[in-house]
Structures are given as C-alpha cells and as structure tokens.
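[1] this one's structure only:
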C-alpha cells in the first residue's frame, strides 16, 4: 500500500472532531469513491448525515437493496472505481445479495457498508439482529466490522484496497451504530490498490510453445483482455492460427466497428462441445476452464473436448490484456486479423423479435453506448446483429441471478452521464428489481430500458425440455408462464416516473428506439416479442 | 416422532419408481403440506414436474423470492401448518432472505426447498454456484442437503418436523439436481412434530409466589398466549392485580369484540420505560425480556426498569397459553377482566390519516378478518381504533425487515380463502416486495391492500431526530423521501392486475374500503396520508 502525505488526503479533517461515520465517508471520498447507492435504516442515520456533508460522493436512493448493489456493480464496471452501498443490517444485505453474487462473479469491486446495531446492543438480540458476517461472508472477498470509532477510517481504507484485490470483488464493512455516532473518528490513508496479477514470462513462453505444437489451438479470453488493448492483441494472436473465444458471459467487452470480434462460447453444453470438436489445446487468459452453466443428465460439466490439452495462462485476477500481447509477441504475430467494419442494417420490418430489436439497436446506438444485457433468452439474438454497430461496450450477467439488468444500467449511467445506456431485460428478469426504474427517474439517468415482453420464463420452457423433466402439465406450465395476468409494462414504468411506450412491430420499435436515443433521460420500451 | 403405517401414508408410491423430487414432494404432502410458494429455475425443473403431479399441494408462482418466503410465513401463521417454498440456488435464497429473517423472528415454521447444482457439478464452480449452507445457515433452524436420491423423502420428513421445533422457524432443505432427477426416491415417514414446550409446575408456582409478593407485577405475553385460550387466561390474571402486556410486535393475536385486550409495549424505548415506571416484577411468557428495537445514544437497551425483578416463565418455544392458565389457577384467579364490547365508529370525515383509516377498518372489517400490518409509522394509529371491532386476527412484522406486509397477506389468503385479508403497508415498505400484487391477482386472493402513501420513509425522519444524527441537509432529506418522483400506486397496482383506487379524504377512503370488503378478490387502496 502506498501512502500519500496526510495533509493532501485528509480534506482538512485532522483539526476537527468527527464521528466514526464521517471518518469512514471521508476516507472513501479521499480514495476516489464518488457514488453511494443507498437504502438506509435507523442504524445508518449517522452515515446519512455524514454523506450529507460530503459533496464528493453522490448519494443515490434505491427503494430496494438489490437495485443498490446492482448499480454499484454497474458503476464500477464503467468507471473502474468501486462505489459504496449503504445497507441496513443483515436483512438489507440479503436483499442486495443476489446482485452481489453477480458482482462477485464479474470480479467487480464494490464496497458494501452495512450498518449494524451498537456493539453493546448486540447481546440483547433485538428484532433486526442477525449474523451479518455469516450471511455476507460467502459473497464477500473481505469482511470486517469497525467496532471502534477510531478504526472506521483505517478499515475504510482497507476495504477500498481489498475490493481491488488480490481477488477483485465485493467487500463488506460493518459499521455498528455507536462506532458511527461516536466522536473520535480518524480518517484512513489514501491507498494504491493492488494491480491485476502479471503473468510470469516463463508461462508466456510455455503457452507459446504449446500453441506452436498444437494443430487447432483455442484461446479463451476474459477480464482485461476484453478492452481495446487486449482485443488488439487477440487480433494478432488470431493471425498466428489461434482461434479466439470469449466466455459465454463476461463483465464488459468493447465491440463494434473498428474492433476485433472474438467468437463467443455457446451457452448450451452440447452446442459448445460440438463447436470445440477437434480443438487440441485450450489456453485460458483472464478466466477459468469453461463449465456448463447447469448440469444435465448425461451431459458433460467441463466444456473441454476429450484429449484437448489445457493451459491456464492466468485466472480472473490476472492482467490478461498484457499477457495476450506478450503471447502474441512470443509467437511473432505482428499482423492483425480484420476488425469489424461499420455495418448498419436497414430498418427491419414485420414481426418484432430479438433479431429485429438487435437490428434497430445496431442502427440507432450512438458511439460509446453502454449495453446492460439481462435479456436472457433474447439476449443472444440482439448480440449478433450489433457486432458491427458503432463502437460500444457490452455488459453481461456473469452470475446467472437474473434481475441485474436495470440496476446495472442505473449504475452505468451514474458513472458515465455523457454516454447512452441501453438495458436489455427479460420481463421475468425485470420483475426482480423493477424498483430500479424509480431511481432512474429520480436521477434523470440516461437509460433506455428495453423489456422483452413474452409473458413467460421462456428460458425455463427450454430448460424443462433439456433437463428431461418431462412434458409439462398445467401446474408446471403455470410455473413457467408469467402471464395471467399479463403485466402492463408501460403502466408499471410510468407509475415510477419513467416514460414508456409499447412496440408490437419491428417498425414501431425502430421508431421508439430512434426517439429514445435522441432524447436524454430514462425511457422504457415494452417490446412485445414471441413467447 | 410418531410413525404411522407406511401403506396409509405413502399414497401408493411404494410400487412405482419415483424420482427424488417426487419422493420429497409426496412426503411433504403426506405430512399435510398443502401450499408451495415458488420461484423456480433450471435446477428445480424436476421439482416443478413433481409438483405438477401432486394435486394435494397448491403451487403459487411468485415473481420474486421475497414474496414466496413472506407468503409461506403468512400461510403458516394462519393455518398452523408450514408451507413449502421453492427457491433457485443461493441467489434465490438470498432474495427470500429478509422475509425468512422475519419468519424466524415470528417463530413460524417454513420449509425452504432450495435447488442446487448436481453434486458432481459443484466442483466446477459454475456461475450460479455459491455456499448455500453458509448463506442460509444463519436464518435456518435446521439445514441439510439431500445429496442422494434415496435420502430426499427421509430428509423431507426431518425438515417438516424440524420446522416445528424444538425451535419453530424456517428450515432449509437443499436438493441437488441429480438427487431430484434420479430414480429411486423413497418417501419419508409421516411424523408428529414436537409440541410447544410445557412450562414445569415448579416454575408456575414460583412465578405465582413472585407475583403475590410484588406490588406492581406485569406479565409480558406472546406466542400461543395470544390466541383465544391464552387471552382468556390473561383476563383471569388481570383480576389478580397483574398488568398484562404484549410485546410491541407479535406474530398473530386474536382481538376485537368479546376478546380481552392486553396493553401493548411501546415502540420507543423512552416511552416504554416511562410506562413501566414503578413495575417491580416482570414475568415473561412466550417471549424474551423486552429490548429496544434499536440502540440510541444514552438510552437503555433492556426495557426493564431499574430494580424490577424479572422471571422467565417460558420463551418463544413454550406453551404460553397453558402456562398462563396454570398461573391463573395458582393465583386462584377465577374471575375475568372485561372483554372488549363491539364498538363501531361513525363514518370518519375530513382529513385522511391513520386514525381515520383505523376507524373505517373498525367499521367495515368483517368477522374473522386477518390483518397483515406492515404499516410502519401508520400502523399503531390503525391498531388502536380497531380494538373493539368485530373479532379478527392481527399479524405484525416481528423481524423489522419491512416489505413483509403484502407477501404475508398473500399467504394468509391462500391459507384461509373464506376469510377477508387486509394488508396495511407503508409506501416505502410496499416497494420492497411490490411483486406480491401480481400473485394476488393471479390467485384471485381476497386481499385488500391499503398503502399509506406519504412519499416518505416517515419513520426514518423520526429516527434521524431520535438518534441525534443532526439536522438533515438536502442529501439526508433526499435519502428519507421517496417522492420526486411520486409513485403512482393506482397505476402500479393495475399494471399487475389488481384493481386500485386512490383515496384522499376520510370519506372517500371509507367508501372505497366498504366496496372492497363487499367485493371478493384483490383490491388496492392508495390512501394519501400526511407525510
């Protein structure tokens, strides 16, 4: 950890008496934290007033904690700097838990500040008391409780650094109410977080040798390799006869015109295995060996063909962008494979479906748009037509807990107010965290949410068949359908302050999207697609 | 555990080959489980088809897991029999976690069935893998994983029994996908759950002696003591010079005309302490010693006056109804204090507020109505005017995690389709689990939801002051206000299929409630009350 001179970092707190909450908040602000996604309760009142006095942090109220945690994930994916969340005891943490699972799987730094009862009050087992460390531990890469007022700043520094690594991800700092309200807070240091792990030269050489010896090598990339520099290196590797693929789901990738487009691993295990047939070497950079999302009777879990050698260049905590570049150097690959050439489709016509939505997206997405993809069964069909759209960033659900799309888009919009954010959400997925719309309205977030309305958990109808669970009877069908009653997404969105329209044809969707792209602020388009 | 003959219990499963999922579901049905509140995913497809073939269990789809768990709590509070939830891995469990915290604090039996990856798939750490036992442990009174197909029925029996005790509460049974889909399931026994713990005679005698020796004794009651028999015993105790109080929050109490009405412990610590001033003995029956909901600077945690003796007759797992009756016998108390006499207010007029809402409730609630109170700062003012209404049951938020009201009401309505259910919800509280409205619409649940619309976390404005966190500045005010934009509750409700009206005066509310009480099925009244 690198320390800078106290008087540069402390914003003048040294000479005034501050509370523990103020020390915590000032320390995070000193370290560059600029957003707090909050759902406070009584035990966080002193944190609320500390935030009130901290102009460097923008506080965004969320009506449900899963919105706050998903937004913090989106904020960090876009800005590269963790946001803070403000959660109310164990119950508040759990409400935010599913999107923290997703953030952990995306390796996104997030700093969860969880208010707890005053230390002396804990032994009385008051109604909201719970084992917060137990609940939050599994999805925290670091967890501590600032039980003493003098420790809140120091632990805030530690939490900030820990969110970056050694394993990037969500960290949890408990703040008991008395440590928050007591005076005697001391701000912590400004710290320099650990960089991503460098891949040793000897590994680069060994991987290069293995690739030279292979007849059909594939390199599976993720993490920093999906940025501009990493994809440029990947384009060089490609000319050395290497097949380049990304994981099925990744946190964020640059794509569109001018960018090299790797292949994408298929979601269904049988498809992925057929596609990889003949590969005799798999090198992974910035990720792990690919595995099936779920197990199915008599289908493989590990998506590596029999006889295919594997080579782990570096895991999710490694600097895969640099590693790829070094690997290309080692292979003497100086040429670059072709990048995408801008190709904007004609206006689609007729039936509205995921493909026509993707075509309209390709037509209207402005340069540097940010896409939050929680489109579930409709996501892939939007992904393909946008490959040669204007350059943009695509963000995905890496942890499989649907309900991430809108919160992630909210956080992305707060992080990059000058960029257009597009959210793709299934209707089932959207209902988990629909409260995000209200925060978008309140913040004037420039997010256009496209909900694929098919009144169905469509992916589960596919999975029911694939798991061999038999022909669905009426109860099973009912459990996979979210119609009866159909949800009126336009009314739902407007009720929370986000202007909304329904689109039922490819043409009307194209017009609605064109309008939304031209008009700043939140929008929702309810896209009626086949079930 | 009492076992009955296999051939009576097994519904003929012995002679057919069944899956692990079928064995689990059949065992719960054999034991009397008749409802499943479900939000399934891929790993639960075989459970879905097993439920499809089980006519004894009504499956209710919920669009968010917090609705499912809150509904299971409500179902068991009303029926006395646990419901099953169906949750998707660790992320699904966490989404349902806050209302399981509440159920644990209400000592309600709930059987959570959480699908997990196939056992052999776990080691690959697929995206949705998490430490489910770690996440679910803190809020589970019992937790096991049915890793082998042959164990699913046996563990379902065990889970059923464990939900009743020794400590009643939510239990968690993990079902790996392969144990669900494999054939070779064996149904488990029909079991007789543990009864509530009997209070030993020697303790009854000692408590009676202490009461006789005290000058101002108070008995704090909760649990089974809040049913008809327990309150009858409490009315006898009252004539023996004992002050009878309930906890501030309880799971369920019988009240209204013909029922003895205990006092209710005040929420704010300073009020409760002032009220208890002079008490020299506190006996608790069916609960623990009272503690402040939160800690505040320089305020007490334990709500027992200095010098007041305490006597624990029995905790939440004790049969407090019987204990009270035995205590009354030991004190020779044969007379009964007065019960409430039916007193229906005149139609309120003018400003709509919690008191006028309470008056309208008292006027229109039919006999045996079930009230789910998540009204936060407006709850108490509705509670008081209904004390002499037609006899009904009142259910409260015992765990402090707001967002319980609508889910609990849904579950209550499924448990008692012939009773009218009334839900009181703050607008902030309602937004946590607003998806419950959709399930109410789908199931035709006879629930009238009253949302107190003040566009504010009003309780937090009070708590900000009480915690001494200072005068709120604009950021703090913004964190406690849920206006900007105002939520249109009528549109929100209608979007999910529940007919809704807004009421802005006492008269229009009274008319709307009268209509809702007369018309079966779900309704929502957005009651505009002062902020």
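    Nice, thanks for sending it over. Note that the coordinates shown come from a computational prediction; the quantities given were computed from them, not determined experimentally. Numbering: from 1, shown residues only, chains lettered A, B, ... in the order given.
[2] contact partners for the residue nearest to residue A:292 when sequence neighbours are not counted?
    Distance criterion CB to CB, 6 or more residues apart in numbering or on different chains; nearest residue to residue A:292, sequence neighbours excluded, is residue A:269 at 3.9 Å. In this view, the C-beta of every residue, glycine as well, is placed from N, C-alpha and C. By CB atoms under 8 Å, 6 or more residues apart in numbering or on different chains, residue A:269 lies in contact with A:292, A:293, A:296, A:299, A:300, A:301, A:303.
[3] kindly recompute the last result at 10 Å.
    By CB atoms under 10 Å, 6 or more residues apart in numbering or on different chains, residue A:269 lies in contact with A:290-296, A:299-303, A:466.
[4] ok, now residue A:298?
    Shown in contact with residue A:298 (CB under 10 Å, 6+ apart): residue A:468.
[5] any idea how far chain B is from it?
    Separation of residue A:298 from chain B (CB to the nearest CB, to the nearest Å): 10 Å.
[6] and what about that residue, helix, strand or coil?
    coil (DSSP: H, G, I helix; E, B strand; the rest coil).
[7] and it, how far is that from residue A:466?
    Shown here: residue A:298 relative to residue A:466, a distance of 11 Å by CB to CB, to the nearest Å.
[8] now do residue A:39
    37 Å.
[9] settle it for me: which of those two has more neighbours?
    Set residue A:39 next to residue A:466 and count neighbours by other CB atoms under 10 Å in any protein chain shown: residue A:39 wins out with 26 against 17.
[10] residues contacting the more buried one?
    Applying CB under 10 Å, 6+ apart to residue A:39 gives the contacts A:61-69, A:85-88, A:92, A:95-96, A:435, B:428, B:432, B:457, B:479.
[11] mark which of the residues you listed are buried, thanks.
    A:61-69, A:85-88, A:92, A:95-96, A:435, B:428, B:432, B:457, B:479 (16 or more other CB atoms under 10 Å in any protein chain shown).
[12] re the thing from before, so which of the contacts of residue A:269 sit within strands?
    In this view, the contacts of residue A:269 have no member that belongs to strands under DSSP state E.
[13] make a markdown table out of the residues you listed and add pLDDT.
    Listed next are the contacts of residue A:269 as a markdown table, based on pLDDT from 0 to 100:
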| residue | pLDDT |
| --- | --- |
| A:290 | 96 |
| A:291 | 96 |
| A:292 | 94 |
| A:293 | 92 |
| A:294 | 91 |
| A:295 | 88 |
| A:296 | 87 |
| A:299 | 87 |
| A:300 | 89 |
| A:301 | 93 |
| A:302 | 95 |
| A:303 | 96 |
| A:466 | 83 |
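[14] which of these are buried, as a PyMOL select command?
    Here is the PyMOL command that picks out the buried ones among those, judged by 16+ other CB under 10 Å:
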select buried, chain A and resi 290+291+292+293+294+295+296+299+300+301+303+466
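[15] quick one: the strands in the stretch 251-400 of chain A?
    In the stretch 251-400 of chain A, the segments counted as strands under DSSP state E, counting those that start in this stretch are A:253-255, A:263-264, A:281-285, A:309-314, A:369-374, A:392-396.
[16] so which of those strands comes closest to chain B?
    Distance to chain B, taken as CB to the nearest CB, is lowest for strand A:392-396 among the strands of the stretch 251-400 of chain A, at 10.5 Å.
[17] does the closest one reach chain B?
    No. For strand A:392-396, no contact with chain B is found by CB under 10 Å from any CB of the partner chain; the gap never falls below 10.5 Å.
[18] equivalent analysis for stretch A:282-291, please.
    Yes. Contact of stretch A:282-291 with chain B (CB under 10 Å from any CB) involves A:288, A:289, A:290, A:291.
[19] how near is the residue nearest to the third one when sequence neighbours are not counted to residue A:446?
    Closest residue to residue A:290 apart from its sequence neighbours, by CB to CB, 6+ apart: residue A:303 at 4.1 Å. Residue A:303 is 38 Å from residue A:446, where distance means CB to CB.
[20] likewise residue A:248?
    In this view, residue A:248 and residue A:446 are 29 Å apart by CB to CB.
[21] neighbour count for those two, which is higher?
    Under the criterion of other CB under 10 Å, the comparison of residue A:248 against residue A:446 puts residue A:446 first, with 25 against 19.
[22] for the more buried one, list the residues it contacts.
    A:370, A:409, A:412-414, A:416-422, A:440, A:516-517, A:519-523.
[23] give me that answer again for 7 Å
    A:413, A:417, A:420, A:421, A:520, A:521 (CB atoms under 7 Å, 6 or more residues apart in numbering or on different chains).
[24] and the longest helix belonging to chain A with strand A:369-374, angle?
    Taking DSSP state H as the criterion, chain A has its longest helix at helix A:65-79. Helix A:65-79 runs at 140 degrees relative to strand A:369-374, counting by axes from the mean of the first three to the mean of the last three CA atoms, to 10 degrees.
[25] other SSEs contacting helix A:65-79?
    Using 3 or more CB pairs under 7 Å, 6 or more residues apart in numbering or on different chains; DSSP states H and E, the elements in contact with helix A:65-79 are strand A:35-38, strand A:84-88, helix A:89-95, helix A:97-106, strand A:110-116, helix A:405-415.
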